[in-house]
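Visitor: sequence? don't have it. structure:
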């Protein structure tokens, strides 16, 4: 749908350019009753009406997309991803479940039983032997069990294993951009929300992100805050770059 709307806008722009070219090539002065002048007036009215309608459609699409993303995020709230389990150790769903239960018990010291897991399996198509193992997605019956496992994931530090939330494509993009723009240790997820920790003159601030608009607002505000400083222009572990980027500091 967005591609079709963009195509309409591009066609309107191209027609406007062609109309201007026709006016320039005309050897006569464009009088009010000249067919070219009438065409231009009609086109400008049409373009104005279409542009206004396109704005409304884009707002509705954005709102609808946000709604769908929230619904999908809610459907994933009982899920976690377990990264780093070798493919040879867990191929079938039963093996994936057994591997997950071992990690929960041995590494997290969390008691989870088989009847608390709805389903577990590898994500995506099989990879080559030299590739990283595919993550295992575990869907729990209860959100409480998922929360218990996720809050203990720090115990996997300094191991080859990692537990993360199951995010939508949109929120994965937001997470990636946030980590690239801020210190990685200051960005994490909680119940599908991307959390950014910032140190400001007023103390520590935690910003919750669920849409690209919120992310863009945060990046714009960060650039504005940093630009107020002179010298190294550093703030909250972020350095402003000429051209609009930011660089993290440790």
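Guide: Yep, that arrived. If you're wondering where the values come from, they're calculated on a predicted model, not measured in any experiment. Numbering: from 1, shown residues only.

Visitor: Give the buried residues for stretch 200-216.
Guide: Going by neighbour count (16 or more other Cβ atoms under 10 Å), the buried part of stretch 200-216 is 207, 209, 210, 211, 212, 214, 215. The C-beta positions use only the backbone N, C-alpha and C, and glycine is treated the same way.

Visitor: cool, and stretch 92-112?
Guide: 95, 96, 97, 99, 100, 101, 103, 104, 108, 110, 112.

Visitor: And for stretch 192-200?
Guide: For stretch 192-200, a neighbour-count test (16+ other Cβ under 10 Å) marks 192, 193, 194, 195, 196, 197, 198 as buried.

Visitor: helix, strand or coil for the closest residue to the second one other than its chain neighbours?
Guide: This points to residue 193. Spatial nearest neighbour of residue 193, chain neighbours left out: residue 208 (4.8 Å); criterion: Cβ to Cβ, 6 or more residues apart in numbering. Here residue 208 is strand, with the state taken from DSSP: H, G, I helix; E, B strand; the rest coil.

Visitor: related to what we said a few turns ago, max pairwise distance over the buried residues of stretch 200-216: which two?
Guide: Maximum pairwise distance in the buried residues of stretch 200-216, criterion Cβ to Cβ, is 13.9 Å, between 207 and 212.

Visitor: So the chain: which segments form each domain?
Guide: 2-75, 79-165, 169-248 (automatic domain parsing).

Visitor: Could I get those in CSV, plus columns for mean pLDDT?
Guide: Formatted as CSV, the domains of the chain follow (pLDDT from 0 to 100):
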stretch, mean pLDDT
domain 2-75, 72
domain 79-165, 96
domain 169-248, 79
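
Visitor: pull the longest helix from this structure.
Guide: The longest helix of the chain (DSSP state H) is helix 35-75.

Visitor: Report the secondary structure state of residue 204.
Guide: In terms of secondary structure, residue 204 is strand; the call rests on three-state DSSP.

Visitor: Now do the contacts for it.
Guide: 197, 198 (Cβ atoms under 8 Å, 6 or more residues apart in numbering).

Visitor: and the buried residues of stretch 92-112, which two are the farthest apart?
Guide: Most distant of these, by Cβ to Cβ, are 95 and 110, 19.8 Å apart.

Visitor: Tally up the residues packed near residue 79, please.
Guide: 19 (other Cβ atoms under 10 Å).

Visitor: Next: residue 141.
Guide: 13.

Visitor: Now that it has come up, it's in contact with residue 119, right?
Guide: No. With contact defined as Cβ atoms under 8 Å, residue 141 does not count as touching residue 119 (9.8 Å).

Visitor: what's the spacing between residue 182 and residue 216?
Guide: For residue 182, the distance to residue 216 (Cβ to Cβ, to the nearest Å) stands at 14 Å.

Visitor: Fine by me, we can end here.
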